[in-house]
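Enquirer: Structure for this input, please:
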Amino acid sequence: MATISKQDDKLVVTLSATEKIETIHGGFDVPLHSVRKVEIIENPIKAVHGLKPSHAKLYGMYLPGETAVGVFLNDGLKDEPAFIAVHHKDKLGVRITLSDAKYSELVLGSDEPESIVKLLS
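Expert: Just a heads-up that it's a prediction; the model follows:
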């Protein structure tokens with residue numbers, strides 16, 4: 001499960017070893033000033049369900065209803081990508097809306113989403 005922390009003026013996303021393999025991607029950071037909204041979501045795998053053929057996966061793994069880990073584009077290449085790391089076992093998660101950043105949003109499974117909201121508020 002991906003974890004979130006703050007270091008100086010950055011939000012740092014650290015991926016689990018499995019997620020690193022699934023995404024062919026290490027962790028990354030985002031400027032804190034890019035965070036626009038943080039919300040708790042229930043059953044995050046359903047929140048990302050619908051990554052259909054009109055969506056393009058840049059890299060990662062997508063098994064509908066099971067796993068979505070990686071970078072995805074909505075509605076083709078004109079949109080900013082979203083980073084998603086959720087699994088069917090994740091009961092809760094967070095959606096972090098960003099602006100002026102590499103990703104338009106982060107959708108992550110979390111055992112303690114309230115702590116992420118508090119950390120970023």
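Enquirer: contacts for the helix or strand of the chain with the lowest mean pLDDT?
Expert: Across the helices and strands of the chain, the lowest-confidence element by mean pLDDT, DSSP states H and E is strand 56-63, at a mean of 78. Contacts made with strand 56-63 from outside it, assessed by CB atoms under 8 Å, 6 or more residues apart in numbering, are listed as 22-25, 51, 67-73, 76-77, 81, 84. Every C-beta, even on glycine, is put in place using the N, C-alpha and C of the backbone.
Enquirer: Least confident of the residues you listed?
Expert: In terms of pLDDT, the least confident member of the contacts of strand 56-63 is residue 77, at 53.
Enquirer: A strand includes residue 111, no?
Expert: No: following the definition DSSP: H, G, I helix; E, B strand; the rest coil, residue 111 is coil and is not counted among the residues of a strand.
Enquirer: Just list the residues touching it, thanks.
Expert: Under the criterion of CB under 8 Å, 6+ apart, the neighbours of residue 111 are 1, 92.
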